[in-house]
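Participant: sharing a model prediction with you, sequence too.
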Amino acid sequence: MAERKSWVTPFMKQCFVTAGVSLNMAGSGLVIGFTSSLLQQLRAPDSNIPIDDDSGSWIAAMPGISLVIGNFLAPPTMSKYGRKIANLVTIVPLIAGWAMIFFAKSITMLLLARFVQGLCMGMCTMLGSVLIGEYTSPKNRGVFLMTISLSIAVAVLSVHLSGAFLSWQNTSLICGLVAVVDLFIVLYSPESPSWYAGKGRYEACKQSFRWLRGDTEEDELKKMIEAAMVLKEAKLSTQKPKSLVKKIRNMIQYFGITIRKKEFCKPIIIMMHVYMLGQWSGINMLVAFPIDLLHRMLGPDCNVPLIMFTIDIHRIIANTCALYVIQKVKRRTILRVTVCLNILAILACAAYCYAKVHGMIHSEERILGISLIHIHMFSVATGSLPLCFIIAGEVFPLEYRGLAGGISVFFYSANLFTTVKTLPLLLSSVDLYGTYGLYSGILVYSLVIVWMLLPETKDRTLQDIEDEFRGRPLSPEEMKSVQSLTSWKAYTTDRRCSGPVAI
């Protein structure tokens, strides 16, 4: 038994629970990456479900619509029933969606399946970063959050490879099996300590925290419980029986007060623009519409499957390298360098495409074009895309984590839908160079806003980051109210009497 404990360390437990979250997020990559092979096979002359450009664009963009609904479902679910239950709930529509695609016989069924999958994407997009942020220690939090982007990259490569050799029905079956495996991992994962603390279940919070982190981060646990006690006492002091009219009026007043709080508004504004950096970086061009991109950049007779394979492999390598970089380099530095490189890359791609269209570059030239596409992928895979998940897991305060996260992820959904739905229209009207020119302008604006507002979050506890947004830590008066509820001495005494509890 002692031999088993030698390798079942808190780090290994954090790896296990992170795998459950990352596999769920990988489902989003499978949904988006599946679009490429699905549309290509449906456009074939012998397809049993023929489509045109308009219906194809709706199939590609449909998850972006239901993402919004998933955004609104996630906050109340994760707040009332817990992060673990919410994570389980997100996997169910994903499995159902893949089953519906496997049996689909019409465009309507495909649209409905994609709609159902979008619900899962909408919930897990917000939930994934929050869960990993609460599960893992500050020292390794950046790397664990980075696994979201890496898992999505592996998912995209896998679904592109499957789509190149298998029918879209068999590809959907494989994707569904991945979701089933994830379901069992999440079933054996613990609930978030932060959720227990927010619900006043302090004993369960201690047990879950120590199971995940061991006994070496007691100061963070102490601060988490103290902050949760302050919030709970404040809520209890105002919870008196009221009429429906008074409850509605109080809710309006509460919202009016809340939106003026810096710790509520600033993270939302930051994440709105971080999500814009991710979605307007050109990633959907590389993942959902790579055939259109390659045909316009390199010509219609280029080897699309081979180039797509190299791009997907490059993305995985870049994400893997970023796992090391995220441990060593500050978040703001990575953001500035990679987004600036992203802007330069898409401007270079735009200039290259413009030169080819107007005969300034020979139509058979491809080496420069392929190199620019890879530089573009590198800038996205190491910067704006993974930073979306990392920053989302670090900036939201505990009290408003569900509400603020839900509001900000709504903008993720809106940007995803807008970029995917408008891509065919932009390519047909202003070509690739005009599309990338528009993207670069949006990236410049978003980078300026994020750079002005985002504090450095590397190696800091979630409570420290929340205190910086608030502009102060808990006041002495608030600390006294905490001590009146329970003494820390009793807490530490209890800790010595109880060891880590397996969940």
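Facilitator: Ah, there it is.

Participant: how about the helices of the stretch 51-200 of the chain, start to end?
Facilitator: 53-80, 83-102, 107-135, 138-165, 168-187, 193-198 (DSSP state H, counting those that start in this stretch).

Participant: repeat that for the stretch 201-350 of the chain.
Facilitator: Taking DSSP H, counting those that start in this stretch as the criterion, the stretch 201-350 of the chain contains helices spanning 202-213, 218-238, 244-258, 262-279, 283-287, 290-298, 304-328, 331-357.

Participant: please pull out the lowest mean pLDDT helix or strand from this structure.
Facilitator: Within the chain, confidence by mean pLDDT, DSSP states H and E is lowest for helix 488-497 among all helices and strands, at a mean of 39.

Participant: give me the below-cutoff pLDDT ranges for the stretch 1-150 of the chain.
Facilitator: Segments of the stretch 1-150 of the chain classed as low confidence (criterion: pLDDT under 70) are 1-7.

Participant: now stretch 160-180: mean pLDDT?
Facilitator: Confidence over stretch 160-180, taken as the mean pLDDT, stands at 88.

Participant: so for that stretch, what gets flagged as buried?
Facilitator: Under the neighbour-count criterion of 16 or more other CB atoms under 10 Å, stretch 160-180 has 160-164, 168, 171-173, 175-176, 178-179 buried. From N, CA and C alone the C-beta is placed, and that goes for glycine too.

Participant: looking at those residues, spot the one nearest V444.
Facilitator: H160 (30.6 Å; CB to CB).

Participant: what's the neighbour count on Y188?
Facilitator: Residue crowding around Y188 was assessed by other CB atoms under 10 Å; the count is 10.

Participant: need the winner for burial among the helices of the stretch 201-350 of the chain.
Facilitator: Using mean count of other CB atoms under 10 Å, the stretch among the helices of the stretch 201-350 of the chain with the greatest mean number of neighbours is helix 283-287 (a mean of 24).

Participant: what sits up against that helix?
Facilitator: Residues outside helix 283-287 that contact it (CB atoms under 8 Å, 6 or more residues apart in numbering): 29, 32-33, 35-36, 156, 292-293, 311, 373, 376-377, 380, 385, 416, 419-420, 423, 435.

Participant: how far off centre is that helix?
Facilitator: Here the centre of mass of C-alpha atoms in helix 283-287, compared against the chain's by CA atoms, centre = their mean, to the nearest Å, lies 16 Å away.

Participant: over to stretch 373-391?
Facilitator: 13 Å.

Participant: how about stretch 99-109?
Facilitator: In this view, stretch 99-109 has its centroid 27 Å away from the chain centroid, taken as CA atoms, centre = their mean.

Participant: ends of that stretch, how far apart?
Facilitator: Across stretch 99-109, the terminal residues are separated by 11 Å (CA to CA, to the nearest Å).

Participant: in that stretch, what counts as buried?
Facilitator: For stretch 99-109, the neighbour count (16+ other CB under 10 Å) marks 99-102, 104, 107 as buried.

Participant: now these in TSV, with distance to Y439?
Facilitator: Supplementary listing: the buried residues of stretch 99-109 in TSV, determined by distance: CB to CB, whole Å:
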residue	distance to Y439
A99	36
M100	33
I101	30
F102	35
A104	33
I107	29
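
Participant: next up, the contacts around L426.
Facilitator: Listed by CB under 8 Å, 6+ apart, the contact set of L426 reads 434-435, 438.

Participant: can I get the helices of the stretch 201-350 of the chain in a markdown table including distance to G70 and mean pLDDT?
Facilitator: Compiled in a markdown table, the helices of the stretch 201-350 of the chain are given as follows (distance: least, CB to CB, whole Å; pLDDT from 0 to 100):
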| stretch | distance to G70 | mean pLDDT |
| --- | --- | --- |
| helix 202-213 | 26 | 87 |
| helix 218-238 | 27 | 73 |
| helix 244-258 | 22 | 69 |
| helix 262-279 | 15 | 87 |
| helix 283-287 | 18 | 82 |
| helix 290-298 | 26 | 85 |
| helix 304-328 | 24 | 84 |
| helix 331-357 | 27 | 91 |
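
Participant: reformat those helices as CSV; add distance to V444.
Facilitator: As requested, the helices of the stretch 201-350 of the chain are arranged in CSV below (distance: least, CB to CB, whole Å):
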stretch, distance to V444
helix 202-213, 40
helix 218-238, 37
helix 244-258, 31
helix 262-279, 10
helix 283-287, 17
helix 290-298, 22
helix 304-328, 22
helix 331-357, 6
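
Participant: among these, which is nearest K80?
Facilitator: Going by CB to CB, the one of the helices of the stretch 201-350 of the chain nearest K80 is helix 218-238, 14.5 Å.

Participant: could you give the angle of that closest one to helix 202-213?
Facilitator: Orientation note: helix 218-238 sits at an angle of 150 degrees relative to helix 202-213 (axes from the mean of the first three to the mean of the last three CA atoms, to 10 degrees).

Participant: and helix 218-238, how far out from the chain middle?
Facilitator: If you compare the mean C-alpha spot of helix 218-238 with that of the full chain, they lie 28 Å apart, counting by CA atoms, centre = their mean.

Participant: thought D182 was touching M25?
Facilitator: No. Contact between D182 and M25 fails when scored by CB atoms under 8 Å: they sit 9.7 Å apart.

Participant: select only the buried ones of the contacts of helix 283-287 in PyMOL?
Facilitator: Selection command for PyMOL covering only the buried members of the contacts of helix 283-287, criterion 16+ other CB under 10 Å:
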select buried, resi 29+32+33+35+36+156+292+293+311+373+376+377+380+385+416+419+420+423+435
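
Participant: residues touching L427, list them.
Facilitator: In this structure, L427 makes contact with 289, 292, 296, 435, judged by CB under 8 Å, 6+ apart.

Participant: let's see 7 Å
Facilitator: For L427, the contact set (CB atoms under 7 Å, 6 or more residues apart in numbering) comprises 292, 435.

Participant: coming back round to it: may I see the contacts of L426 arranged in JSON lines, with distance to Y81 and secondary structure as well?
Facilitator: Below are the contacts of L426 laid out as JSON lines (distance: CB to CB, whole Å; DSSP: H, G, I helix; E, B strand; the rest coil):
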{"residue": "G434", "distance to Y81": "47", "secondary structure": "helix"}
{"residue": "T435", "distance to Y81": "42", "secondary structure": "helix"}
{"residue": "L438", "distance to Y81": "41", "secondary structure": "helix"}
